[in-house]
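Q: 3D, please:
(one chain, ligands or ions: 1)
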Amino acid sequence: MKNTDLVKRDLSVVWHPCTQMKDHEWLPMIPIRRAAGVWLEDFEGNRYLDAISSWWVNLFGHANAHINAALSTQSGMLEHVMLAGFTHEAVVELSEKLVAITPSGLDRCFYADNGSAAVEVALKMSFHYWRNSGEHGKTKFITLGNSYHGETLGALAVGNVQLYKDTYGPLLMETFSVPSPDCFNREPGESCAAYSERMFEHMERALAQHAEEVCAVIVEPLVQCAGGMRMYDPVYLQRLRAACDRYRVHLIADEVAVGFGRTGSMFACEQADISPDFLCLSKGLTGGYLPLSVVLTSEAVYQAFYDDYGSLKAFLHSHSYTGNALACRAALATLELFERHDTLAANRRLAGAMAAATAGFAEHEHIAEVRQTGMILAIEMVKDKSQRLSYPWQERRGLRVYEHGLANGVLLRPLGNVVYFMPPYVIEPEQISLLAEVAWQGIHKAVAD
Ligand SMILES: Cc1ncc(COP(=O)(O)O)c(C=O)c1O
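A: The predicted structure follows:
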């Protein structure tokens, strides 16, 4: 079969996410036949280095032998059983493991099957906790500018991507939005820590003003990924934790994208030495194999729902595939790989290689900044460097980098004007060099006129 055969069939029946389908009149879709390690391979044998871990989910490479074997054993035993009234080994083992490795005080696991659903669970659980505690006035959430928490209606409401707000606004609950501590906007000479600290004043003010009606503050710890890999200092999370305690407001850490070693520590919150009240995890949780998400919370939150049936305090949220046995087994196998390979230490070396491969990029007249937090490196293309003026979105400069990447065997999928690397942890230093070389050429092309 040729690439075009499958694409033709696809275009007559499939509707793809995050895509203006009309683009495919001129932008070829890439049908993938198989994958191994960091490589995706199409039907004609062309290979593409998966520099973005297939939307940030893949940690230990495609077709990973250890995860494959674990799934094969699990599928011979039990593929799935509903989690209401029933349980199974994989979900119990995984929960024990997650409680052990996440920041202290997170002792209960509630499962769903994607990142957005985890966010919905955390929002509802926080609201319902206050309601069960007799605090009926707490119904709102505080969010950061430029944040992204997924695309179901609750998750969209607490996100701040303008396009989504403009389009779906009438369907979304109202939230309080506080300017992001995004260090791209710091003054020349100002440190990221000083800027993050300064920006916390907005949060402090919002809490002081609205705490009575606020259930929780939700943040993406350290990196606002979908919002252009914008980064901030851990000091912001420290201040936020202390303020949430002071104002009796929950802290929801959405580590769907940054959890599991992405930022250099197993969980981003560790860098601020804090524990949130709710921790949302998904994506890398199963090593990129199967949809699964989990919200971890404290025993105190759990106890607020624990009562006689007639009190009607039980949490109301369920999905058919909650705690799917195959997905839980893939997650356990993924966590075993972390232990076997001392992944965090290896990632420090890989992060160093990513920094070295892009050293000097920031000198380019259309690159405003190269920023990095662990295994996330982002390159900000700008129209005017001195004024930090972005290219208009209509020019789709990032798309030119995407096209150049594909023509040269690298899958890069810029977020607007931001080219980024977020590769699987099994990438090798020479593959990082290839990635950087192709990105560099792509950026040159993208800013050429
Ligand atoms: C921080 C964050 N939260 C939530 C989500 C939503 O996850 P999903 O796409 O699995 O619904 C994403 C997805 O990119 C994300 O980056």
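Q: Kindly provide the distance from the residue nearest the centre of the chain to the ligand.
A: Closest to where the C-alpha atoms of the chain average out (Cα atoms, centre = their mean) is A257, at 1.7 Å. Between A257 and the ligand the computed distance is 4 Å (Cβ to the nearest ligand atom, to the nearest Å). (C-beta placed from N, C-alpha, C; glycine too.)
Q: hang on, that residue packs against V223?
A: Yes. Taking Cβ atoms under 8 Å as the definition, A257 is a contact partner of V223 at 7.3 Å.
Q: Check the contact lists of these two and give me the overlap.
A: Residues touching both A257 and V223 by Cβ atoms under 8 Å, 6 or more residues apart in numbering: none at all.
Q: Can you name the residue of this structure nearest to the ligand?
A: When you check the chain against the ligand by Cβ to the nearest ligand atom, the closest residue turns out to be G115, at 2.2 Å.
Q: ok, now how distant is F200 from S12?
A: For F200, the distance to S12 equals 52 Å [Cβ to Cβ, to the nearest Å].
Q: residue boundaries of the strands in the stretch 201-350 of the chain?
A: Counting by DSSP state E, counting those that start in this stretch, one finds strands in the stretch 201-350 of the chain at the ranges 214-219, 223-224, 230-231, 250-254, 278-281, 293-297.
Q: How about the first one and the ligand, touching?
A: No. Using Cβ under 6 Å from any ligand atom, we find that strand 214-219 stays clear of the ligand, coming within 9.3 Å at best.
Q: who does that strand touch, helix- and strand-wise?
A: Based on contacts counted as 3 or more Cβ pairs under 8 Å, 6 or more residues apart in numbering; DSSP states H and E, the elements that strand 214-219 packs against are helix 115-132, strand 140-144, helix 192-210, helix 234-247, strand 250-254.
Q: thinking again about what came up before, just send the strands of the stretch 201-350 of the chain back as JSON lines, with mean pLDDT and mean neighbour count too.
A: Below are these laid out as JSON lines (pLDDT from 0 to 100; neighbours: other Cβ atoms under 10 Å):
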{"stretch": "strand 214-219", "mean pLDDT": "99", "mean neighbour count": "27"}
{"stretch": "strand 223-224", "mean pLDDT": "98", "mean neighbour count": "26"}
{"stretch": "strand 230-231", "mean pLDDT": "98", "mean neighbour count": "24"}
{"stretch": "strand 250-254", "mean pLDDT": "99", "mean neighbour count": "28"}
{"stretch": "strand 278-281", "mean pLDDT": "99", "mean neighbour count": "28"}
{"stretch": "strand 293-297", "mean pLDDT": "99", "mean neighbour count": "27"}
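Q: Neighbour count for F200 and S12, which is higher?
A: The neighbour comparison of F200 against S12 (other Cβ atoms under 10 Å) goes to F200, with 21 against 7.
Q: Spatially nearest residue to the more buried one (excluding sequence neighbours)?
A: On the basis of Cβ to Cβ, 6 or more residues apart in numbering, the spatially nearest residue to F200 that is not a chain neighbour turns out to be R239, at 4.5 Å.
Q: my guess is the one you found contacts E197, does it?
A: Yes. In this structure, R239 sits in contact with E197. The criterion is Cβ under 8 Å, and the distance is 6.9 Å.
Q: Have a look at the two and say which one is more surrounded.
A: The residue with more neighbours, out of R239 and E197 and counting by other Cβ under 10 Å, is R239; that gives 21 against 17.
Q: per-residue confidence for the more buried one?
A: pLDDT, R239: 98.
Q: circling back to that earlier point, ok, and which of the helices and strands packed on strand 214-219 has the densest surroundings?
A: strand 250-254 (a mean of 28; mean count of other Cβ atoms under 10 Å).
Q: Let me know the angle separating that strand from strand 293-297.
A: Computed with axes from the mean of the first three to the mean of the last three Cα atoms, to 10 degrees, the direction of strand 250-254 lies at 150 degrees from that of strand 293-297.
Q: Adjacent strands (with direction) for strand 250-254?
A: Looking at strand 250-254 with DSSP bridges, its partner strands are strand 214-219 (parallel), strand 278-281 (parallel).
Q: List of residues touching the shortest one?
A: By Cβ under 8 Å, 6+ apart, the surrounding residues in contact with strand 278-281 are 98, 102-103, 106, 115, 118-119, 121-122, 125-126, 216, 250-256, 259-260, 267, 269, 293-297, 301.
Q: Can you name the residues of the stretch 1-150 of the chain sitting close to the ligand?
A: Taking Cβ under 6 Å from any ligand atom as the criterion, the neighbours of the ligand within the stretch 1-150 of the chain are 114-116, 119, 148-150.
Q: Which single one of these is nearest to E89?
A: Ranking these by separation from E89, with Cβ to Cβ as the measure, puts N114 on top at 23.3 Å.
Q: mind putting the strands paired with strand 250-254 in JSON lines, distance to L172 included?
A: Formatted as JSON lines, the entries for the strands paired with strand 250-254 read as follows, by distance: least, Cβ to Cβ, whole Å:
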{"stretch": "strand 214-219", "distance to L172": "14"}
{"stretch": "strand 278-281", "distance to L172": "19"}
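Q: looking at the ones you listed, which is closest to V7?
A: Each of those was checked against V7 via Cβ to Cβ, and the shortest separation belongs to strand 278-281, namely 34.2 Å.
Q: Just the CA atoms of that closest one, as PDB, please.
A: Taking Å, rounded to 0.1, in the frame of the first residue of the first chain, the C-alpha atoms of strand 278-281 are listed here in PDB:
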ATOM      1  CA  PHE A 278      -5.200  17.700  43.600                       C
ATOM      2  CA  LEU A 279      -2.600  16.400  41.200                       C
ATOM      3  CA  CYS A 280      -3.800  15.700  37.700                       C
ATOM      4  CA  LEU A 281      -1.700  13.200  35.700                       C
END
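Q: for that strand, the distance to its chain's centre please.
A: Between the centre of strand 278-281 and the centre of its chain there are 11 Å (Cα atoms, centre = their mean, to the nearest Å).
Q: right, is that strand up against the ligand?
A: No. Shown here: strand 278-281 not in contact with the ligand (Cβ under 6 Å from any ligand atom), separated by at least 6.8 Å.
Q: what pLDDT does M1 get?
A: The per-residue pLDDT reported for M1 equals 86.
Q: State the distance from the residue nearest to it when sequence neighbours are not counted to R34.
A: Once flanking residues are discounted, M1 sits nearest to F43: 5.3 Å by Cβ to Cβ, 6+ apart. When Cβ to Cβ is the yardstick, F43 and R34 sit 9 Å from each other.
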